[in-house]
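*Asks:* Sequence first, then the predicted structure, then my questions.
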Amino acid sequence: MLRLLRVIIFTADMPRARAFYETQVGLTPTFASDHWTTFDTAGTNLALHPLPPGRPAGVELAFESEDLYADVDALERRGARFQDAVNEAEWGRTIHLHDPEGNLITLEQLAEPLGDGGGLAIGTVVVHAAELESTGKFYRDVLGLPFRAAALSGHLELDAGGTRLALEPGEGRRRGQTVSFRFDVDHLGDWIDEARERGLPVGNPFDRGAGAMALAVDPDGNEIAFHQAAEGDGLEEEMADPFESDAVPRRSAIRKPVRKRSKAVSRVAIKATHSPKRSTARRRPSATTRAVASVRGAGPAGTRLKPRRTGDEKKARVKPAIGRLRKAESRTLQTSKRAAASASKRRPVKRQVAKRSGRR
């Protein structure tokens, strides 16, 4: 995998840019000349280069290759188009290409490996992409950088060998900047106070959800950020921690075991989120309801003496029995009468009276 080796700033005023990063930011130069200056930064190296004639100001990204020719062949098979051939020099080999945003990218194979620095660390390099999807495919599928995270609002993050390469929507392009970078600091508030004493015009810190950040602008108009990570690991790191070990994962039950012959009961309580809306229309009175005159205050404790209506408007409507229902009711009534009369004649008193009178 390619590793982000250095961030190269092409400046129109080399002495002024060097004084800014050395005096105000507080970086220590490891090499300084009129044509090339490097600073002691941890991980990815920061370098300054004079702006060639006809070239716009900007930032170039240089990736380190262990075998340049092999990587060139692999990248060409994945669709990369290089701007030149491999350049051989005493200090190593280089070749150039552009990303979909037009940013210049260099692949370098150094004759002697670059040692780790001890100053501020460039923790994140941000590419402000106008086309996030195509730019992400280039850095992932062509350069072969693995994705670290894909957060909300279209933010993509790739692993560039210890340095995070973030692809963000083109907010910085409105300022004319396609590439920016962020220094990682431990105590941002204290560092800002010290930087302001050195004359660095750095803004007040703010929080975007991933930690505190403060911004400054160098003499060439490049926005640089100073970032303090949020306390604790993020969700991705917390989920990945148990799987980083090669040991056999520990087994644990995901639920309480159920005893044999036990009745499984599942209860779900659902709370209503709204109440049904009752109709405010007035109910039509039933057919048996009629208005009744009533005297207000004539009842006990000043209540009405009579209700306003004689019927219950909410009762179920009952239709009178007609046709077969009326005949059935009539038969039932006659049957009941005959049964009552027959039972009455069977009483002892009735029988004796009937015998004396000659009735049967």
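*Replies:* It's in. Being a predicted model, the structure only gives us computed values, none of them experimental.
*Asks:* CA atoms for contacts and neighbours, from now on please.
*Replies:* OK.
*Asks:* Could you chop this structure up by domain?
*Replies:* 3-121+185-232, 321-360 (automatic domain parsing).
*Asks:* model confidence over the shortest one, on average?
*Replies:* The pLDDT scores in domain 321-360 average 73.
*Asks:* Would you agree V7 is in contact with N45?
*Replies:* Yes - assessed by C-alpha atoms under 8 Å, V7 is found in contact with N45 at 6.2 Å.
*Asks:* How many neighbouring residues does the closest residue to P100 other than its chain neighbours have?
*Replies:* Leaving out its chain neighbours, the residue that sits closest to P100 by C-alpha to C-alpha, 6 or more residues apart in numbering is T135, at 5.7 Å. T135 has 19 neighbours, counted by other C-alpha atoms under 10 Å.
*Asks:* So T135 lies in a strand, does it not?
*Replies:* No - counting by DSSP: H, G, I helix; E, B strand; the rest coil, one finds T135 to be helix, located in no strand.
*Asks:* and it, how far is that from H128?
*Replies:* 10 Å (C-alpha to C-alpha, to the nearest Å).
*Asks:* Overlap of the contact sets of the two?
*Replies:* Shared contacts of T135 and H128, defined by C-alpha atoms under 8 Å, 6 or more residues apart in numbering, are found at L167.
*Asks:* Provide the secondary structure category for E66.
*Replies:* Put simply, E66 is coil when judged by three-state DSSP.
*Asks:* measure it to L5 for me?
*Replies:* 12 Å.
*Asks:* Which of the residues in stretch 204-212 are classified as buried?
*Replies:* P205, A212 (16 or more other C-alpha atoms under 10 Å).
*Asks:* can you give me the end-to-end distance of it?
*Replies:* 10 Å.
*Asks:* between E66 and L5, who's got more neighbours?
*Replies:* Shown here are E66 and L5; by other C-alpha under 10 Å, L5 has more neighbours (22 against 16).
*Asks:* Tell me if that one really is in a strand.
*Replies:* Yes - when three-state DSSP is applied, L5 is found to be in a strand.
*Asks:* Please give me every residue in contact with it.
*Replies:* L5 neighbours (C-alpha under 8 Å, 6+ apart): G43, T44, N45, L61, A62, F63, E64.
*Asks:* got the residue ranges for the helices in the chain?
*Replies:* For the chain, the helices defined by DSSP state H cover 14-19, 68-77, 132-137, 188-197, 235-240, 324-345, 348-356.
*Asks:* Tell me the helices and strands packed up against the fourth one.
*Replies:* Packing contacts for helix 188-197, counted by 3 or more C-alpha pairs under 8 Å, 6 or more residues apart in numbering; DSSP states H and E, involve strand 223-229.
*Asks:* Try it again at 10 Å.
*Replies:* strand 211-217, strand 223-229 (3 or more C-alpha pairs under 10 Å, 6 or more residues apart in numbering; DSSP states H and E).
*Asks:* Which one, of those, ends up nearest to F183?
*Replies:* Closest approach to F183 among the helices and strands packed on helix 188-197 is made by strand 223-229 (4.8 Å; C-alpha to C-alpha).
*Asks:* orientation of the closest one relative to strand 211-217 in degrees?
*Replies:* Strand 223-229 runs at 160 degrees relative to strand 211-217, counting by axes from the mean of the first three to the mean of the last three C-alpha atoms, to 10 degrees.
*Asks:* Now do the same contact list for V185.
*Replies:* Taking C-alpha atoms under 10 Å, 6 or more residues apart in numbering, we find V185 in contact with L120, A121, I122, G123, W191, I192, A212, M213, F226, H227, Q228, A229.
*Asks:* Right, I'll call it a day here.
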